[in-house]
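Student: fold the stuff below for me.
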Amino acid sequence: MQVVGKNNEALKLYSRWTQANPTAELALVKKISAEQGLKRFALALTSVENALIHFPDSKGLQIVHVNLLIRDGQNDTAEGLLRRYFKDESKNLVVQYLQGQILLNRKNYKQSLPLLQAYYDKKQTSESARYIYAAYVGKGEKPKAIKFVESHIEKAPDDISNIYMLANEFLTTDNKKAQLYFGKMLSITPTNLVALNNLAWLQYQNDQLPEAKATIERAFKITDNLPQLLDTGAIIYEKLGDIKKAKALINKAYKLTDDQRSLRTNYNRINAL
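Tutor: Residues are numbered from 1 along each chain as shown. Have a look, this model is predicted:
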């Protein structure tokens, strides 16, 4: 939430700056960056296209333009502009990386992989790691994809988006590894309620009841008004034999949720005890 707040404030600041001076290139670039940070990609695309009217030869703006078109699924337009903007720079690492993304979008996984890998080998960004993961999965090589991201996280231990991706990957297939990666998430963002809830559920599934209780109570110290947390807490206390506590939690969850069907099985079972 803090990052979103900072991006909102930054966007307001750079919007005022660009209104006062529409041809201030730095302000335009910062404004577009803030829009991307807020995931307002359509707005960012409009902004970069307007900025290119004033700075048609700006390589930075051209790269952002192509990247936003790729993100928007406009692969043919992106490829055409990539060739036009960088007609004499086909070997440029960033140009090849953008071409790799276009090929990935087109499901040309085998062709995209070496281009994405070449960029990753130099930059090792979170985004490039995700693209390589997607290319391996697209090729039908999921074990390779997982091994690659695990190796990436060893080199980039604070890459929370890829840690979260792996945690979810292992959620129903490898309890021990899922706990490891949700634990890594919590070492970076200690109040992450998704990670706390999922870790408590995994500990419950693995009969680590004292640990599950401690984890869900840690979540309750942050909030005790989320149905998903209350539901997880209810089944943990049920298994611990504290039926009174389990009933209180599941009944509260049932009242708070907008989707009572998702809780009905636990609600009926616990209240029948």
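Student: and residue 121, what does it touch?
Tutor: If you count contacts by CB atoms under 8 Å, 6 or more residues apart in numbering, residue 121 has none. Every C-beta, even on glycine, is put in place using the N, C-alpha and C of the backbone.
Student: mind telling me what element it is part of?
Tutor: Element membership of residue 121 [criterion: DSSP states H and E] is helix 109-123.
Student: give me the buried positions along the helix or strand just after that helix.
Tutor: Remark: after helix 109-123, the chain's next helix or strand is helix 126-138, criterion DSSP H and E. By 16 or more other CB atoms under 10 Å, the buried positions in helix 126-138 come out as 126-136, 138.
Student: and whichever helix or strand comes after helix 126-138, what does it pack against?
Tutor: Next along the chain after helix 126-138, taking DSSP H and E as the criterion, comes helix 142-155. Contacts defined by 3 or more CB pairs under 8 Å, 6 or more residues apart in numbering; DSSP states H and E place helix 142-155 against helix 126-138, helix 160-170.
Student: so can I have CSV of the ones you listed showing mean pLDDT?
Tutor: Below are the helices and strands packed on helix 142-155 laid out as CSV (pLDDT from 0 to 100):
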stretch, mean pLDDT
helix 126-138, 98
helix 160-170, 97
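Student: any chance of these in TSV, plus distance to residue 256?
Tutor: Converted to TSV, the helices and strands packed on helix 142-155 look like this (distance: least, CB to CB, whole Å):
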stretch	distance to residue 256
helix 126-138	34
helix 160-170	24
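Student: buried residues in stretch 254-269?
Tutor: Neighbour-count burial for stretch 254-269, counted by 16+ other CB under 10 Å, picks out 254, 256-257, 263, 266-267.
Student: count the neighbours of the residue nearest to residue 59 when sequence neighbours are not counted for me.
Tutor: Sequence neighbours aside, residue 85 is the residue nearest to residue 59 in space, at 7.6 Å (criterion: CB to CB, 6 or more residues apart in numbering). When neighbours are counted by other CB atoms under 10 Å, residue 85 registers 20.
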